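>>> next input, structure requested:
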Amino acid sequence: MAKDIHHQCVKEALIKEGWKITNDPYFLSVLDSPVYEVDLAAEKLIAAEKEDSLTGSLTKIAIEIKSFVASSIAHEFNRALGQYLGYVLFMSIKEPERKLFLAVPDEVYYKFFTKEATVLTLSHYHIHLIVFNIETNTIIQWLKN
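Model prediction:
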């Protein structure tokens with residue numbers, strides 16, 4: 001499957017934030033399903049101090065990148081939503097500790113993802129977002145629903 005036009009931008013933004021890209025793409029196959037390709041998988045070691053001892057936990061994420069460049073953002077959103085929900089289901093079986101994020105450009109986020117109906121949908125289906133800027137190759141926001 002072809003990579004999204006903003007694939008490299010998101011990958012660079014994650015690396016800037018200290019994430020290690022572990023899979024590009026992240027292949028996902030469960031039960032008798034075909035092999036699906038989520039755009040990226042990444043890990044980050046988080047260290048925390050507790051009562052004089054250092055403990056670490058690994059945070060694992062997968063990222064589905066969408067540019068929303070077609071004429072209908074709503075149509076692309078519906079396609080992305082179906083894809084996202086399928087991935088979440090399969091990941092809950094294969095790798096339940098890994099969390100899925102939908103990465104969207106900041107312009108699209110402010111234009112479409114802040115609308116009441118979209119916010120309601122994101123909240124209802126617990127869709128996690130990464131909002132990124134294509135000019136600076138940076139992550140603007142992490143939104144967990």
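
>>> remind me which residues of this structure are low pLDDT?
Filtered on pLDDT under 70, the chain yields the residue ranges 1-2, 45-58.

>>> report the central residue of the chain.
In the chain, the centroid-proximal residue (CA atoms, centre = their mean) is Phe101; its distance is 2.2 Å.

>>> and that one, how far is that from Lys115?
20 Å (CB to CB, to the nearest Å). No exception for glycine: its C-beta is placed from N, CA and C like everyone else's.

>>> okay, now Ile139: neighbour count?
When neighbours are counted by other CB atoms under 10 Å, Ile139 registers 19.

>>> how about Tyr87?
Considering only other CB under 10 Å, Tyr87 is surrounded by 19 other residues.

>>> the helix or strand it falls within: how far from the chain's middle?
For Tyr87, the host element (DSSP states H and E) is helix 73-94. Put simply, helix 73-94 sits 11 Å off its chain's centre (CA atoms, centre = their mean, to the nearest Å).

>>> do stretch 135-145 as well
The answer for stretch 135-145 is 10 Å, by CA atoms, centre = their mean.

>>> span of that stretch from start to end?
Stretch 135-145 stretches 26 Å from its first residue to its last (CA to CA, to the nearest Å).

>>> over to stretch 90-109?
For stretch 90-109, by CA to CA, the gap between its terminal residues amounts to 26 Å.

>>> only the buried residues of it, if you could.
90-91, 98-106, 108-109 (16 or more other CB atoms under 10 Å).
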